[in-house]
Structures are given as structure tokens and as C-alpha cells.
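In: Return atomic coordinates for the entry below.
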Amino acid sequence: QVQLVESGGGLAQAGGSLRLSCAASGRTFSSYHMGWFRQGPGKEREFVAAITSSGGTMDNADSVKGRFTISRDNPKNTVYLQMNSLKPEDTAMYYCAAAFSYVLGSGNPKSYNYWGQGTQVTVSS
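Out: So this is what the prediction gives:
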């Protein structure tokens, strides 16, 4: 069982930056692949970024490539999402998630076994 708690969301201006954190409970954090998803108003949940359990492989959605970076610190049981050059269209609730495996692909929400409650990011123009 893994519990995930996101933090770091808030209000930012276009062009600004935010850093999201996701703290995980449990001693097996390093065995999980991790991902970030977001859901904007009236939209479906969409993939943002993913990182393998060791941190060796990362994947980003095309919409955030070059702007967002996922990373993890296994001794601290934490995964991060550094968001730069924010745009109003990045406004959404951001969720972190943990997966035993990427059997359905890192970008598929159905691959993930545990989800956090989310943290709101609002970007003003």
C-alpha cells in the first residue's frame, strides 16, 4: 500500500515556474514507477510525465517537453515536477501516481495503482 500526497501547487503568472512535490509513504517507494497527470476544467485526465523506479528513464507529454522535468529522490520517498515557462493552458489539478509496472504504457492512467488527491495549479495570463 502506498499513500501519495502532492504539494507545491498554487497561482503563477504565465512564464513563471512552480515545483510540485509528491511524498509517498511506505518503504517500497523505490520499487514503483511514478507519473504525473493533470485534469483541467471539463477535460479528461491527461499524462504529463513519468519516471521509472530507478530514475533512469523519463517520459514527457509533447505539450510539456522542454518546459517540465520529472525527477525523484528515492531516499526521501519523493517525486518532483519542475514546471517552467508556464502557460495558462497548464491550469489544472495535478496528480501523482504510482505503478507496479508500465504494462499498459507510462502514459496510460490504467497502468497506475495508487493516486494522490491532487494539487491545483492556476496560471494567469
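
In: List the single closest residue to residue 78 in space, sequence neighbours excluded.
Out: The shortest distance from residue 78 to any non-neighbouring residue, by CB to CB, 6 or more residues apart in numbering, is to residue 23 (5.3 Å). C-beta coordinates here come from the backbone N, C-alpha and C atoms, glycine included.

In: Might one say that the one you found is in contact with residue 7?
Out: Yes - taking contacts as CB atoms under 8 Å, residue 23 lies within contact range of residue 7: 7.3 Å.

In: Heading C-terminal from the helix or strand containing residue 37, find the next helix or strand.
Out: Assigned by DSSP states H and E, residue 37 belongs to strand 33-39. Reading on from strand 33-39 to the C-terminus, the next helix or strand found by DSSP H and E is strand 46-51.

In: Okay, now the sheet partners of the helix or strand that that next one is followed by, with direction.
Out: Using DSSP H and E, the helix or strand that follows strand 46-51 in sequence is strand 58-60. Looking at strand 58-60 with DSSP bridges, its partner strands are strand 46-51 (antiparallel).

In: what about the strand it pairs with, average pLDDT?
Out: Strand 46-51 carries an average pLDDT of 96.

In: Tell me the buried residues in it?
Out: 47-51 (16 or more other CB atoms under 10 Å).

In: Now do the helix or strand bottoming out on mean pLDDT in the chain: distance to the chain's middle.
Out: When the helices and strands of the chain are scored by mean pLDDT, DSSP states H and E, strand 58-60 comes last with a mean of 88. Centroid separation between strand 58-60 and its chain, computed with CA atoms, centre = their mean, to the nearest Å, is 10 Å.

In: Pull out the buried positions in it.
Out: Neighbour-count burial for strand 58-60 flags 59-60 (criterion: 16+ other CB under 10 Å).

In: all strands of the chain, in order?
Out: Assigned by DSSP state E, the strands in the chain fall at 4-7, 10-13, 18-24, 33-39, 46-51, 58-60, 68-73, 78-83, 92-99, 114-115, 119-124.

In: Before I go, just wanted to say thanks for your time.
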